[in-house]
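Q: Just a sequence and a predicted model for now, questions to come.
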Amino acid sequence: MKNKITALLTLALLALAVSCNKQNTKKDNVGELSSENTSNLEYVKSIKKIDIHTHVRSEQQYLINFMDKYNYKYCAIVNIGGSNHNTLQSQIDTAKMLYNKYPRYYGWITTFDISKREESGWTNAVISQLKDDFNNGAVGVKIWKTVGMEFKKENGEYLQLDDPIFIPIFEFMAQEGKTLLLHMGEPIHAWMPTYTTKEGIGRNYWAKRPEYSFWDKPDLPSYSDIMAARDHVLQKHPNLKIVGAHLGSLEFDVDEIITRLELYPNFAVEIGGRTRYFMWQANGKVRDFFIRYQDRIMYGTDRGASSNMTPEQIKNTLEGILYRNDLFLRYYATDNEIPWGNIISSDRPIPESSYTVTGINLSKNVLDKVFYKNAVNWFPGIDKDYK
Ligand SMILES: [Zn+2]
């Protein structure tokens, strides 16, 4: 009797194993995990990770749950546009609250109000605000694309990053050992003509958001002008650590990033939601870039949460975060063929993928740096309570 039960149990287990195998084979066909690379993927899922580029504007339990499950810490960036500078203080207060209440989950990066630059005492006021923010845990300062593309000087020229008004602020930051995070300009595509389908439907982001399309706005500075102003600052302030958000707006070609990394030892980049631009480029070229510059690239998604989100918005946001987290970790940590497609119009989840991209299969050592160690080196203090 006992033997009979054992035999039946063995048969049942065998049947289960066969059906699991079948499932795995089927998954492999649609680009799911292949067993030989599972280990690096499991590794990157398990290690501590810092997402250096997020915009969290309220307490959101679903984000904490996500960070717990996938072992992340977020860096919440304070960001004000040219016209809504009155939100600066409330954003700083929220970032400080997140940092003080959830130090394991949130670090923060501050900013300052450029719209008040004509007021007397502005430089000193900025420096004393930054001092205060650094004392309250801010690990860096962000400057947004309004510099270069929105603020104008009295003579009608656009205010650029290499304007002398910023020099004392950059010098103060270098002295304090704090890092400047720059989102200068936009992807180069914003200066190119948009294109449409024969039905007249916009095919890319800029066709859908014409206010951010500049090819037909010749009064705006060129892409090259904005990049050059940033490069001047990199050259003039060698003791200031500077991180280019969104791959320094050089996302279309890793060679363009490499040119700056070679010229300016004080420069590093964060991905800032631009993984899809790597996917457009040759797999081997992107992989070499990560290996050669493994100490100067850090992970960031540009995701976040605003206040007053409806349950529906929370559900959709979380779905997007989970989808991209899975996809991007597989891209960086395996050489799987990853279903992808329709990326010209958006990076949102799509029901059908039109083609696949090959993952760049980074080593554990490189994954450690890109997802954690580089953020700690370039933004000292970001690992507080997450060591
Ligand atoms: Zn951002």
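A: Cool, got the structure.

Q: what helix or strand does the residue most central in space within the chain sit in?
A: Among the residues of the chain, the one closest to the centroid is Gly272, at 1.8 Å (C-alpha atoms, centre = their mean). Following DSSP states H and E, there is no helix or strand that holds Gly272.

Q: What of Tyr277?
A: Per DSSP H and E: Tyr277 is located in helix 275-280.

Q: Surely the residue nearest to the centre of the chain and His53 touch.
A: Yes. The criterion here is C-beta atoms under 8 Å, and Gly272 meets it with His53 at 4.5 Å. No exception for glycine: its C-beta is placed from N, CA and C like everyone else's.

Q: Which residues are in contact with each of these two?
A: 245, 300-302 (C-beta atoms under 8 Å, 6 or more residues apart in numbering).

Q: Neighbour count and pLDDT for those - can I get that in CSV?
A: As requested, the shared contacts of Gly272 and His53 are arranged in CSV below (neighbours: other C-beta atoms under 10 Å; pLDDT from 0 to 100):
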residue, neighbour count, pLDDT
Ala245, 27, 98
Gly300, 26, 98
Thr301, 22, 95
Asp302, 17, 94
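
Q: Just flag the most distant two among those.
A: Ala245 and Thr301 (11.5 Å; C-beta to C-beta).

Q: shared neighbours of these two, which are they?
A: Common neighbours of Ala245 and Thr301, counting by C-beta under 8 Å, 6+ apart, are 53, 272.

Q: Quick check: nearest residue in space to Ile242, chain neighbours excluded?
A: Leu180 (4.9 Å; C-beta to C-beta, 6 or more residues apart in numbering).

Q: Can you tell me the SS state at the one you found?
A: The local conformation at Leu180, judged by DSSP: H, G, I helix; E, B strand; the rest coil, is strand.

Q: Show me what it is bridged to.
A: Val141, Ile242 (DSSP bridges).

Q: That one reaches Ile143, doesn't it?
A: Yes. The criterion here is C-beta under 8 Å, and Leu180 meets it with Ile143 at 6.8 Å.

Q: if we can go back for a sec, nearest to Asp368, out of the shared contacts of Gly272 and His53: which one, please.
A: Gly300 (16.3 Å).

Q: check which helix or strand covers that closest one.
A: Using DSSP H and E, Gly300 falls outside every helix and strand.

Q: Test my guess that it contacts Ala268.
A: No. With contact defined as C-beta under 8 Å, Gly300 does not count as touching Ala268 (11.4 Å).

Q: show me what contacts Leu367?
A: 40, 43-44, 47, 332-333.

Q: Just the buried ones from these?
A: Buried subset of these (neighbour count, 16 or more other C-beta atoms under 10 Å): 40, 44, 332-333.

Q: what about the strands in the protein?
A: Assigned by DSSP state E, the strands in the chain fall at 49-56, 72-77, 106-110, 138-143, 179-182, 242-244, 267-270, 297-298, 303-305, 337-340, 355-358.

Q: Mind telling me which of these the model trusts least?
A: With a mean of 83, strand 337-340 has the lowest mean pLDDT of the strands of the chain.

Q: and that strand, which strands flank it?
A: strand 355-358 (antiparallel).

Q: CA atoms only for stretch 44-55, dumped as PDB, please.
A: Output of stretch 44-55 as PDB, limited to C-alpha atoms (Å, rounded to 0.1, in the frame of the first residue of the first chain):
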ATOM      1  CA  VAL A  44      19.200  42.800  -9.600                       C
ATOM      2  CA  LYS A  45      15.800  42.300  -8.200                       C
ATOM      3  CA  SER A  46      17.200  41.500  -4.800                       C
ATOM      4  CA  ILE A  47      19.900  44.100  -4.400                       C
ATOM      5  CA  LYS A  48      19.300  47.600  -2.900                       C
ATOM      6  CA  LYS A  49      18.400  50.000  -5.700                       C
ATOM      7  CA  ILE A  50      18.200  53.700  -5.800                       C
ATOM      8  CA  ASP A  51      15.900  55.400  -8.300                       C
ATOM      9  CA  ILE A  52      17.600  58.800  -8.400                       C
ATOM     10  CA  HIS A  53      15.000  60.600 -10.600                       C
ATOM     11  CA  THR A  54      11.400  60.600  -9.200                       C
ATOM     12  CA  HIS A  55       8.800  63.200  -8.600                       C
END
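
Q: residues in contact with it?
A: Counting by C-beta under 8 Å, 6+ apart, 70-77, 79, 107, 243, 245, 270-273, 298-306, 329, 332-333, 364, 367-368, 371-372, 375-376, 379, 382-383, 386 sit against stretch 44-55.

Q: Can you list the buried residues in stretch 155-170?
A: 158-163, 166, 169-170.

Q: Ends of it, what's the gap?
A: Its first and final residues considered, stretch 155-170 spans 24 Å by C-alpha to C-alpha, to the nearest Å.

Q: Count the residues that sit near Asn136.
A: Asn136: 14 surrounding residues under other C-beta atoms under 10 Å.

Q: ok, so what distance separates the closest residue to it other than its chain neighbours from Tyr106?
A: Computed as C-beta to C-beta, 6+ apart, the closest residue to Asn136 that is not its neighbour in sequence is Lys96, at 5.3 Å. Distance of Lys96 to Tyr106, computed by C-beta to C-beta, to the nearest Å: 10 Å.

Q: Looking at these two, which is more packed in?
A: Tyr106 (29 against 20).
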